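[1] no sequence on hand, only this structure:
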């Protein structure tokens, strides 16, 4: 693994530090009036989600880790474990549902998910940014309210609640952003 200087750490870098794998969430480069410059780095542990604030001087060496990214297809869920299939080798793997966190309801059968591996260990799963969902419950469409910049609550087929424009009705397909968990457009 390549070693980088403490002042070369950027947001999104994965580092091996204190025996764990950490993702840089926030990086502030500080040049105090007295003493040498340093980088104040907020990191999140990729295995257990804990956070850590660490100070790295430019002379400090840190191991930068490269994660292997693979596209895998979601097959089914079995006792809290999600079963994915590698689309090249057709190998199946089981991962805990907690890997997706609060984005778990967006996972649909047959969906292609990008999973990041460190050696043989799956650390992170990324859903597609936009997912099509069906509205199962919302207030009826009111004529003449189409241009207003207001929103109304709607319940999706996966059980999540999102705010939608007043012109969107029940049983319509909409596209939801999985990162912000908000309505983007009609499907």
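    Yep, that arrived. Model, not experiment: these values are computed from the prediction.
[2] please parse this structure into its domains.
    3-65, 68-126, 130-186 (automatic domain parsing).
[3] how near is residue 69 to residue 114?
    Separation of residue 69 from residue 114 (CB to CB, to the nearest Å): 6 Å. Where you see a C-beta, it was placed from the backbone N, CA and C, and this is true even at glycine.
[4] ok, back up a step: want to try TSV for the domains of the chain, with mean pLDDT and mean neighbour count as columns?
    Supplementary listing: the domains of the chain in TSV, determined by pLDDT from 0 to 100; neighbours: other CB atoms under 10 Å:
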stretch	mean pLDDT	mean neighbour count
domain 3-65	89	14
domain 68-126	89	14
domain 130-186	86	14
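[5] how close does residue 187 get to residue 156?
    12 Å.
[6] what do you get for residue 27?
    Distance from residue 27 to residue 156, by CB to CB: 36 Å.
[7] for residue 136, same thing?
    According to CB to CB, residue 136 stands 7 Å off from residue 156.
[8] give me the common contacts of the two.
    Here residue 136 and residue 156 share no contacting residue, scored by CB atoms under 8 Å, 6 or more residues apart in numbering.
[9] now the spatially most central residue of the chain, nearest residue through space, not along the chain?
    By CA atoms, centre = their mean, the chain has its centre lying nearest to residue 126, at 5.2 Å. For residue 126, ignoring the flanking residues on the chain, the nearest one in space by CB to CB, 6 or more residues apart in numbering is residue 114 at 4.5 Å.
[10] sec struct for the residue of the chain most remote from its centre, please.
    What lies farthest from the middle of the chain is residue 34; by CA atoms, centre = their mean that is 39.2 Å. Three-state assignment for residue 34 (DSSP: H, G, I helix; E, B strand; the rest coil): coil.
[11] quick one: residues contacting it.
    By CB under 8 Å, 6+ apart, no residues touch residue 34.
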